[in-house]
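Colleague: my questions are about this predicted structure, shown below with the sequence.
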Amino acid sequence: MFSAGVFSFALVKMGYEPLHAATVVVDGRAVAFLGASTFGKSSLATCFVASGFPLLTDDTLRLEERDGHYVAFSRAGASKIAPENCSVIFG
């Protein structure tokens, strides 16, 4: 698995500008929490996930404009949310 830095660099080389964000899905829409490292993005996302909202991404978010709307893409398999912090996802 690539580190977030390598993944972000690859996205930039492909012409995308990734966001450093934890993102959950609420009513079919992506809700992103942005901020620097250690600002609590993952902790906030954990609270949403524990309340039943799906996690989209926990580190690198890529947005793409399509037909006047933005589509949010996750970095597959990348999450800093630990199983012991979120039994809803990991059982």
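Modeller: That came through fine.

Colleague: tell me if Ser43 really is in a helix.
Modeller: Yes: the assignment for Ser43 by DSSP: H, G, I helix; E, B strand; the rest coil puts it in a helix.

Colleague: next one: it from Gly52, what distance?
Modeller: 17 Å (CB to CB, to the nearest Å). Quick note: C-beta positions are derived from backbone N, CA and C, even for glycine.

Colleague: between the two, which one's more packed in?
Modeller: Each of Ser43 and Gly52 has its neighbours counted (other CB atoms under 10 Å); Ser43 has more, 14 against 7.

Colleague: where do the helices sit along the protein?
Modeller: Using DSSP state H, the helices assigned to the chain run over residues 4-13, 41-50, 87-90.

Colleague: lowest-confidence stretch among those helices?
Modeller: Across the helices of the chain, helix 87-90 has the smallest mean pLDDT, namely a mean of 37.
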